[in-house]
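Undergrad: sequence first, then the predicted structure, then my questions.
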Amino acid sequence: MSSHSDANDTARLKREAATWAVDAFFRSSMVVGLGTGSTAAFAVQRLAESRAQGRLVDVRAVPTSRETEALARGLGVPLTTLDEDPVVDVTVDGADEVAPDLSLIKGGGGALLREKIVAQASRRLVIIVDAGKLSPRLGTRWPLPVEVLPFGWRSQSLFLESLGASVAVRRDERGEPFLTDQGNLVLDCDFGPIDHPEELAARLGSRAGVVGHGLFLGLTTDLVVAGSNGVEHRTRPT
Ligand SMILES: O=C(CO)[C@H](O)[C@H](O)COP(=O)(O)O
């Protein structure tokens, strides 16, 4: 009973953060980035409502996954691509874990690579979360997703273990290896609290076969957190 009402509360907070962010940051004629996951889905819904009510016109959206693309298309949101619009005005996306400096772990939904590509193409990255995602240090609450090519994946697994992770191949609801939109595997890497995320990101970034990872460092410009005391907006500490 209480876990059901906890889930309802969390969903309500996700919706509040998403609604607040779309109203505060999306403007008519913008190219916007649409994240992936249950929180980002509320932002897509708010964008569709705002268009239907005439508050936002001439907005084009870059989705960060096939899932978000299908949702946005179904709600009549006009879509574009980074080929047509290589600079995105504002992206709104969720996260799995947020540290005090607004660095993130993302990729719980498996869309980490496209999410990072769109984030890096964005002038502004607005992260929307419920307060349960806040963390004193990355890796405390969530394993780090690492996307790897299927070719040679076991050697990537050993490499990640050599860096101190316990590694699990992500599986889908049928128990099959989960495949990303690019057809790659996701290795969920439990490092425990990560002391030096920049160093880890550099090690991962220089490994052939590692296609992406869920450390989003220095990308967030704005954080919108919904908690029991309402919605709070923070900007990146300088
Ligand atoms: O990074 C992500 C997908 O790859 C999501 O933004 C993250 O997993 C948060 O998901 P949710 O909003 O459902 O809690």
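TA: Cool, got the structure.
Undergrad: what about the strands in this structure?
TA: Counting by DSSP state E, the chain forms strands over residues 31-34, 60-63, 88-93, 97-98, 104-105, 122-130, 144-148, 166-169, 185-190, 210-213, 215-216, 222-227, 230-235, given from the N-terminal end onward.
Undergrad: so which of the ones you listed is nearest the ligand?
TA: Of all the strands of the chain, the one in closest proximity to the ligand, counting by CB to the nearest ligand atom, is strand 88-93 (5.5 Å). No exception for glycine: its C-beta is placed from N, CA and C like everyone else's.
Undergrad: need the longest helix for this protein.
TA: With residue count as the measure and DSSP state H as the assignment, the chain has helix 2-25 as its longest helix.
Undergrad: just how off-centre is it within its chain?
TA: The gap between the average C-alpha position of helix 2-25 and the chain average comes to 16 Å, counting by CA atoms, centre = their mean, to the nearest Å.
Undergrad: elements contacting that helix?
TA: Secondary-structure packing of helix 2-25 (3 or more CB pairs under 8 Å, 6 or more residues apart in numbering; DSSP states H and E): helix 38-52, strand 88-93, strand 122-130, strand 222-227, strand 230-235.
Undergrad: returning to what we had before: among the strands of the chain, show me which one is buried the most.
TA: strand 104-105 (a mean of 29; mean count of other CB atoms under 10 Å).
Undergrad: neighbouring contacts of that one?
TA: Strand 104-105 has contacts (CB atoms under 8 Å, 6 or more residues apart in numbering) with 95-98, 127, 138-139, 142, 144-145, 214-217, 219-220.
Undergrad: residues in contact with the lowest-mean-pLDDT helix or strand in the chain?
TA: The element with the least model confidence among the helices and strands of the chain, by mean pLDDT, DSSP states H and E, is helix 2-25, at a mean of 91. Contacts made with helix 2-25 from outside it, assessed by CB under 8 Å, 6+ apart, are listed as 38-43, 45-47, 50, 90, 92, 94, 124, 126, 128-132, 222, 224-227, 230-231, 233.
Undergrad: near the ligand, list only the ones from these.
TA: Residues of the contacts of helix 2-25 in contact with the ligand (CB under 6 Å from any ligand atom): 38, 39, 40, 94.
Undergrad: quick one: contacts for the last one?
TA: For residue 94, the set of contacting residues under the criterion of CB under 8 Å, 6+ apart consists of 14, 35, 36, 37, 38, 39, 40, 106, 127, 128, 129.
Undergrad: for residue 112, see how far away it is.
TA: Using CB to CB, to the nearest Å, residue 94 is found at 12 Å from residue 112.
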